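In: quick one, fold the following:
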Amino acid sequence: MKILKSFFDIQDKIPVEKKLSFGFGLSITVVIMFSVFWFHSKLELHKTSELIVENSKLRVSIHMLISSLNQLEAKQNRSFFRAISKEDSLYYSNTFNYIKSSMNNIELLIDNDPLSLKYLDSLKSVIQYHSLTSAGIFSLLKQNDLNKLRIKDRAFRQIYGYLSAIDRNEEKKSFDYALKFQNLSDKSIYIQILLLVIFVLTLSIFFGFTIKDVKKRRDLAAKVSESQKKLKTIIDAAPEIIFVKGLDKKFELVNSSYLRIFDVDEQNIIGKDNSSILSKADYLEAKKEDEQILKGKKEIKNIERLITINIKEAKWFKINKAPIFDEYNNLTGIVGIMTDITEIKEYETALKNSKEELSKLIVQKDKLFSIIAHDLRSPFSGLLGFSELLLEDFDNISTSEKVLYISNINSSLKNLLSLIDNLLTWARLNLDKVNHEPKIISLDSIINSVFRSLAIVAKNKNIILKNNVSSNHNAYADPDMIETIIRNLVSNAIKYTNEKGEVNINIADKGNNLTVSVEDNGLGMSLEMINNLFKDDTQETTSGTNGEIGTGLGLLICKEFVEMNGGIIWVESEFGKGSKFYFTISKGG
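Out: Numbers count the residues shown, from 1 in each chain. Next up is the predicted model:
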């Protein structure tokens with residue numbers, strides 16, 4: 001039982017393909033053996049039947065010879081009482097010739113049997129002794145020649161005896177041949193039946209195992225089908241995109257999330273690639289990934305990519321792919337899982353923007369506190385000092401000193417007013433509460449207005465303000481913003497220009513735009529200062545030629561206002577040789 005159980009256990013482990021091959025080979029072998037034995041048996045039977053036929057011919061010849069001798073003996077006995085005629089002579093001659101030919105025929109039919117050949121030799125001696133010579137055959141014999149033709153009774157008995165002996169011997173051989181034929185026939189039938197039984201038994205066992213395997217496979221297929229349904233239900237319930245591709249990189253399975261997100265029907269994707277639902281660039285990228293997996297037989301993990309779907313929208317996905325192997329470790333395809341991380345990316349972007357905004361607010365807060373703590377407090381301290389001197393020593397101070405103190409107070413207040421204006425403008429910019437209302441404006445009028453407001457400041461340093469702009473230069477922009485830009489640039493130029501210096505404003509016509517330049521011959525800037533000039537987080541201020549205080553807000557406001565009006569701003573400067581600020585503005589109609 002253990003051996004039989006081991007046999008069944010072993011055959012259960014053999015693949016059904018090998019079982020089919022083995023059964024087919026075994027069936028062919030049995031058929032070939034059956035055919036070979038059947039052919040051999042038929043050949044033996046054929047040989048035996050030929051021997052029987054030959055032996056039958058021999059016995060027929062013997063019996064015919066005996067019949068001829070009987071006729072000769074009868075003829076001889078009748079002729080004993082009458083004269084021999086020529087016809088008798090011819091009859092004797094023909095009979096003896098027939099006997100000789102019969103002897104030759106018998107000799108040919110005897111198959112080298114020693115006993116039959118012995119009898120045959122004796123028989124030939126007797127017949128040759130009693131036969132006529134060829135000279136006497138065709139002549140009419142005389143009566144006294146009868147004794148030459150007459151065969152004595154003793155000779156006939158010898159001849160009959162030898163022929164009977166040969167016949168008995170051949171009869172025995174015929175019996176032996178018949179018995180052999182019967183045995184061969186029986187043996188052939190038995191072996192054919194045995195081979196047929198073996199063949200049927202082999203096929204029965206083989207088909208029994210095959211039917212068992214088929215039933216087992218059918219049960220397994222039913223289980224697999226049930227498992228596939230469960231698996232399909234599970235993967236359809238998953239929020240992630242799950243798919244399987246074959247070696248041809250075409251889809252064999254997709255879940256509901258894939259169909260929903262890519263807005264495609266199952267029949268339109270199974271057996272096809274995704275070239276129709278992805279952009280060309282995304283399709284080629286996915287194809288490249290699949291080829292890498294199939295070639296290297298390695299998985300790829302956590303690939304984040306923005307994919308355009310049906311040329312409608314773009315989504316972020318985290319992609320994981322891996323090769324699939326069968327039970328024999330043969331590569332069969334690719335399985336992939338894609339997670340929609342669009343919301344996460346949006347949160348990350350929002351978080352990054354919030355972080356940048358927070359950093360910007362922190363910088364602005366620090367800057368505001370710095371301005372309040374230093375740039376606003378210091379002027380107030382100076383004003384407080386001058387006012388206290390006037391209050392305490394008003395009667396003792398000369399008129400010229402009073403005018404000087406009041407003039408300093410006035411100048412400080414104007415600087416404070418400009419600083420507060422810039423602070424308010426800067427605050428409004430950061431709160432997005434600045435209204436942009438562009439219209440046709442006259443640049444010459446705005447420049448003259450700025451020069452009038454800064455005339456006293458320039459006069460205190462003996463700085464000449466030159467407006468080199470003609471009255472026909474109009475622009476399309478927000479007038480308040482353009483005035484603020486020019487006022488800040490001219491104010492900075494006055495601040496950083498030595499006494500008896502000069503500030504020039506020029507305009508160059510550049511097609512659809514105008515380029516406004518504000519040039520001074522003051523302190524100038526180094527390359528490092530120029531590179532940090534328009535950055536929020538690296539504002540560094542230097543004191544003016546008369547110790548004027550600056551905040552750095554003016555240039556930031558200029559940059560924001562220029563860009564809001566569709567222009568750009570830049571500076572050319574060399575340390576110790578002055579600076580030249582440029583900004584562009586659209587032409588007016």
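In: pull up the distance across stretch 486-505, start to finish.
Out: 9 Å (CA to CA, to the nearest Å).
In: what about that stretch, average pLDDT?
Out: Mean per-residue pLDDT for stretch 486-505: 89.
In: what are the buried residues along that stretch?
Out: The neighbour-count check on stretch 486-505 (16 or more other CB atoms under 10 Å) flags 486-498, 501-505 as buried. Just so you know, the C-beta spots here come from the backbone N, C-alpha and C atoms, and that holds for glycine as well.
In: residues making contact with that stretch?
Out: For stretch 486-505, the external contacting residues (CB atoms under 8 Å, 6 or more residues apart in numbering) are 418, 422, 446-447, 450-451, 453-454, 457-458, 461-469, 516-523, 542, 544-546, 548, 550, 554-555, 557-558, 578-579, 581.
In: give me that answer again for 6 Å
Out: Applying CB atoms under 6 Å, 6 or more residues apart in numbering, the contact partners of stretch 486-505 are 447, 450, 454, 457-458, 461-467, 518-523, 544-545, 548, 554, 558, 581.
In: select only the buried ones of these in ChimeraX?
Out: Buried residues within the contacts of stretch 486-505, by 16+ other CB under 10 Å, are selected in ChimeraX with:
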select :447,450,454,457,458,461,463,465,467,518,519,520,521,522,523,544,545,548,554,558,581
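In: which of the buried residues of stretch 486-505 fall in helices?
Out: Mapping those onto helices (DSSP state H) picks out 486-495.
In: out of the residues you listed, which is nearest to residue 407?
Out: Distances from residue 407 to those, taken as CB to CB, are shortest for residue 494 (16.2 Å).
In: so where is the stretch 201-350 of the chain shaky, pLDDT-wise?
Out: 206-207, 209, 311 (pLDDT under 70).
In: now with 80?
Out: Of all residues in the stretch 201-350 of the chain, those with pLDDT under 80 make up the ranges 201-217, 220, 224, 228, 231, 309-312.
In: do a quick rundown of the strands in it.
Out: 241-246, 251-254, 300-309, 313-325, 331-340 (DSSP state E, counting those that start in this stretch).
In: can you list those strands in JSON lines and add mean neighbour count and distance to residue 261?
Out: As requested, the strands of the stretch 201-350 of the chain are arranged in JSON lines below (neighbours: other CB atoms under 10 Å; distance: least, CB to CB, whole Å):
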{"stretch": "strand 241-246", "mean neighbour count": "19", "distance to residue 261": "6"}
{"stretch": "strand 251-254", "mean neighbour count": "19", "distance to residue 261": "10"}
{"stretch": "strand 300-309", "mean neighbour count": "14", "distance to residue 261": "7"}
{"stretch": "strand 313-325", "mean neighbour count": "16", "distance to residue 261": "7"}
{"stretch": "strand 331-340", "mean neighbour count": "18", "distance to residue 261": "7"}
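In: let's have the ones you listed in JSON lines, adding distance to residue 482.
Out: Formatted as JSON lines, the strands of the stretch 201-350 of the chain follow (distance: least, CB to CB, whole Å):
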{"stretch": "strand 241-246", "distance to residue 482": "54"}
{"stretch": "strand 251-254", "distance to residue 482": "60"}
{"stretch": "strand 300-309", "distance to residue 482": "41"}
{"stretch": "strand 313-325", "distance to residue 482": "40"}
{"stretch": "strand 331-340", "distance to residue 482": "48"}
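In: closest to residue 572 out of these?
Out: Comparing those by CB to CB, strand 300-309 comes nearest, at 41.3 Å.
In: and the contacts of that closest one?
Out: Against strand 300-309 from outside (CB under 6 Å, 6+ apart): 262, 279, 282, 314-321.
In: list just the nearest of the residues you listed to residue 201.
Out: Out of the contacts of strand 300-309, the member with the shortest distance to residue 201 (by CB to CB) is residue 321, at 53.4 Å.
In: who is the closest residue to that closest one other than its chain neighbours paired with across the strands?
Out: Sequence neighbours aside, residue 336 is the residue nearest to residue 321 in space, at 4.4 Å (criterion: CB to CB, 6 or more residues apart in numbering). In this entry, residue 336 is beta-bridged to residue 243, residue 321, by DSSP bridges.
In: contacts only, for the closest residue to residue 496 other than its chain neighbours.
Out: Of all residues not flanking residue 496 in the chain, residue 522 sits nearest, at 4.1 Å (CB to CB, 6+ apart). Counting by CB under 6 Å, 6+ apart, residue 522 touches 496-497, 578.
In: what helix or strand is residue 403 on?
Out: According to DSSP states H and E, residue 403 maps onto helix 399-430.
In: adjacent strands (with direction) for the next helix or strand after that helix?
Out: If you walk from helix 399-430 toward the C-terminus, the next helix or strand you reach (DSSP H and E) is strand 439-442. Strand 439-442 pairs in its sheet with strand 474-477 (antiparallel), by DSSP bridges.
In: show me what the strand it pairs with is in contact with.
Out: By CB under 6 Å, 6+ apart, the list of residues contacting strand 474-477 reads 438, 440-443, 514, 565, 585-586, 588.
In: counting neighbours, what do you get for residue 212?
Out: 15 (other CB atoms under 10 Å).
In: is it true that residue 567 lies in a helix?
Out: No - assigned with DSSP: H, G, I helix; E, B strand; the rest coil, residue 567 falls outside any helix and is coil.
In: which residue is the nearest non-sequential neighbour of it?
Out: Per CB to CB, 6+ apart, closest to residue 567 is residue 584, 3.9 Å.
In: tell me the contacts of that neighbour?
Out: Residue 584 neighbours (CB under 6 Å, 6+ apart): 513, 515, 567-568.
In: for PyMOL, what selects the buried ones among the residues you listed?
Out: Remark: buried members of the contacts of residue 584, expressed as a PyMOL selection using 16+ other CB under 10 Å:
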select buried, resi 513+567
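In: adding pLDDT and distance to residue 63, write the contacts of residue 584 out as TSV.
Out: Output for the contacts of residue 584, formatted as TSV (pLDDT from 0 to 100; distance: CB to CB, whole Å):
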residue	pLDDT	distance to residue 63
513	91	144
515	93	148
567	93	144
568	93	142
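In: a markdown table for the contacts of residue 584, including distance to residue 192?
Out: Output for the contacts of residue 584, formatted as a markdown table (distance: CB to CB, whole Å):
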| residue | distance to residue 192 |
| --- | --- |
| 513 | 112 |
| 515 | 116 |
| 567 | 111 |
| 568 | 108 |
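In: please identify which of the contacts of residue 584 is nearest to residue 28.
Out: Ranked by distance to residue 28 (CB to CB), those are led by residue 568 at 91.4 Å.
In: what sits against the closest one?
Out: residue 584.
In: same deal with residue 299?
Out: residue 322.
In: quick check, pLDDT for residue 443.
Out: 90.
In: distance of it relative to residue 464?
Out: Using CB to CB, to the nearest Å, residue 443 is found at 20 Å from residue 464.
In: name the element the nearest residue to residue 446 once chain neighbours are set aside belongs to?
Out: With CB to CB, 6+ apart as the criterion, residue 446 has its nearest non-adjacent residue at 5.1 Å, and that residue is residue 483. Using DSSP H and E, residue 483 maps to helix 479-495.
In: next: residue 21.
Out: Counting by DSSP H and E, the element that carries residue 21 is helix 16-79.
In: and that helix, average pLDDT?
Out: Mean predicted confidence for helix 16-79 is 68.
In: next one: stretch 462-479
Out: 87.
In: with just CA atoms, put that stretch into CSV.
Out: Extracted in CSV, the C-alpha atoms of stretch 462-479 (Å, rounded to 0.1, in the frame of the first residue of the first chain):
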residue,chain,number,x,y,z
ASN,A,462,22.8,122.7,-3.6
ILE,A,463,21.8,119.9,-6.0
ILE,A,464,20.5,120.8,-9.4
LEU,A,465,17.4,118.8,-10.6
LYS,A,466,17.2,118.6,-14.4
ASN,A,467,14.1,117.4,-16.3
ASN,A,468,15.3,116.5,-19.9
VAL,A,469,11.9,115.1,-20.9
SER,A,470,9.8,116.8,-23.6
SER,A,471,6.1,117.4,-23.1
ASN,A,472,5.1,115.0,-25.8
HIS,A,473,6.1,111.8,-24.0
ASN,A,474,2.9,110.2,-22.9
ALA,A,475,2.6,106.7,-21.2
TYR,A,476,-0.1,104.2,-20.3
ALA,A,477,0.1,103.5,-16.6
ASP,A,478,-1.2,104.2,-13.1
PRO,A,479,-0.3,107.9,-12.5
